[in-house]
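Asker: Take this sequence and fold it.
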Amino acid sequence: MTNPWAGEVALTLDGRPHVAKLTLGALAELEAALEAGSLIDLVERFEAGRFSSRDVLALIVAGLRGGGWSGAAVDLRCVEIGGGPVEAARVAAELLARAFAAPPAD
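Answerer: Modelled structure (predicted):
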């Protein structure tokens with residue numbers, strides 16, 4: 001089970017549930033993986049629907065690593081993602097939204 005207030009998103013890989021979360025360390029890895037541009041550029045691409053499969057993969061890997069997974073992008077090459085590429089893109093967008101959302105007011 002995931003905690004959306006902690007920025008967590010669920011993702012199923014090969015039938016097994018995983019927790020993804022963009023921690024500060026995961027965001028730093030993501031920024032390095034992007035090579036060009038910034039996280040703001042990435043957010044703008046998602047908001048405009050101009051993201052690439054590379055963007056989705058980078059977000060998924062960073063989120064999984066932030067959730068405790070120790071793999072790399074190459075490990076996802078032959079993995080079945082529950083819901084396919086559309087679900088992967090949805091999870092990637094949700095990770096960004098939750099990472100940069102303001103905490104709920106008390």
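Asker: Does anything pack onto the helix or strand where Glu31 lies? Which helices or strands?
Answerer: Element membership for Glu31, per DSSP states H and E: helix 24-34. Judged by 3 or more Cβ pairs under 8 Å, 6 or more residues apart in numbering; DSSP states H and E, the packing partners of helix 24-34 are helix 39-48, helix 53-66. Heads up, the C-betas are built off the backbone N, CA and C, glycines and all.
Asker: Quick one: closest of these to Thr23.
Answerer: For those, the distance to Thr23 is smallest for helix 53-66, at 4.0 Å, taking Cβ to Cβ.
Asker: on that earlier part again, out of the helices and strands packed on helix 24-34, which one sits most buried?
Answerer: Highest mean neighbour count among these (mean count of other Cβ atoms under 10 Å): helix 53-66, with a mean of 22.
Asker: That one packs against which elements?
Answerer: Short answer (3+ Cβ pairs under 8 Å, 6+ apart): helix 53-66 packs on strand 9-13, strand 16-20, helix 24-34, helix 39-48, helix 84-99.
Asker: among those, which is nearest Leu64?
Answerer: Closest approach to Leu64 among these is made by strand 16-20 (5.1 Å; Cβ to Cβ).
Asker: tell me the mean pLDDT for the closest one?
Answerer: Confidence for strand 16-20, expressed as mean pLDDT, is 97.
Asker: Ok, stretch 97-106 next?
Answerer: Mean per-residue pLDDT for stretch 97-106: 76.
Asker: where are the low-confidence patches of the chain?
Answerer: For the chain, the stretches with pLDDT under 70 are 35-36, 103-104, 106.
Asker: hang on, the earlier thing: same list as before, the helices and strands packed on helix 24-34 that is, but in TSV and with distance to Val91 included.
Answerer: Shown next, in TSV, are the helices and strands packed on helix 24-34 (distance: least, Cβ to Cβ, whole Å):
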stretch	distance to Val91
helix 39-48	12
helix 53-66	7
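Asker: closest one to Ala6 among those helices?
Answerer: Set against Ala6 and scored by Cβ to Cβ, the helices and strands packed on helix 24-34 come closest in helix 53-66, at 10.6 Å.
Asker: relative to helix 84-99, how tilted is that closest one?
Answerer: Orientation check (axes from the mean of the first three to the mean of the last three Cα atoms, to 10 degrees): helix 53-66 against helix 84-99 gives 60 degrees.
Asker: Thank you kindly, that will do.
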